[in-house]
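Novice: Attaching a predicted model along with its sequence, questions to come.
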Amino acid sequence: MKVVNKPIEMIAWFTNTGVVQPIKFRFKDEKGSYKVIKIDNLVEQTKETKYGIAMILFKCQSFIDGVEKLYELIYEVSSCRWYVYKF
C-alpha cells in the first residue's frame, strides 16, 4: 500500500449511538474520471489522534477491477471529512 491521503466523497451509515460504518466512496483517479469503490469488508476500525486531530482509521477490503485490494480510510471527526489514506 502506498500513502496517498486524498479527499473522497463517502456514503456511510451512522447508528443512533454514533457508530460509523462506511458503505462506498468515490474519488478522481489519475485520468480525472470518477471511480466508485464499494467496501466489501471492514477489517479493522481504530480511533486515533494525530497532530491533535481526532480521527477514525478504517482498514477495508474490496474487489477492485477483479482484484481483492486492502486499503485504509480516515474519517476526521471534528471536520466530518473522509480521506483515502493508503491505497
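Specialist: Yes, it's here.
Novice: Which stretches in the chain count as strands?
Specialist: 3-7, 9-14, 20-28, 34-38, 41-50, 53-64, 67-76, 81-86 (DSSP state E).
Novice: Note down every partner strand of the first one and its orientation.
Specialist: Going back to what we said before, that points to strand 3-7. strand 81-86 (antiparallel) (DSSP bridges).
Novice: now swap in the second one and tell me
Specialist: Within its sheet, strand 9-14 is paired with strand 20-28 (antiparallel), according to DSSP bridges.
Novice: same deal with the fifth one?
Specialist: The sheet places strand 41-50 alongside strand 53-64 (antiparallel), with pairing taken from DSSP bridges.
Novice: I'd guessed residue 86 sits against residue 6; true?
Specialist: No - the criterion here is Cβ atoms under 8 Å, and residue 86 misses it with residue 6 at 10.5 Å. To be clear about C-beta, it is placed using only N, CA and C from the backbone, and glycine gets the same treatment.
Novice: how close does residue 83 sit to residue 67?
Specialist: 22 Å (Cβ to Cβ, to the nearest Å).
Novice: what's the weakest-modelled helix or strand in this structure?
Specialist: With mean pLDDT, DSSP states H and E as the measure, the helix or strand of the chain carrying the lowest mean pLDDT is strand 3-7 (a mean of 93).
Novice: angle of that strand against strand 67-76?
Specialist: Taking axes from the mean of the first three to the mean of the last three Cα atoms, to 10 degrees, one finds strand 3-7 and strand 67-76 inclined to each other by 60 degrees.
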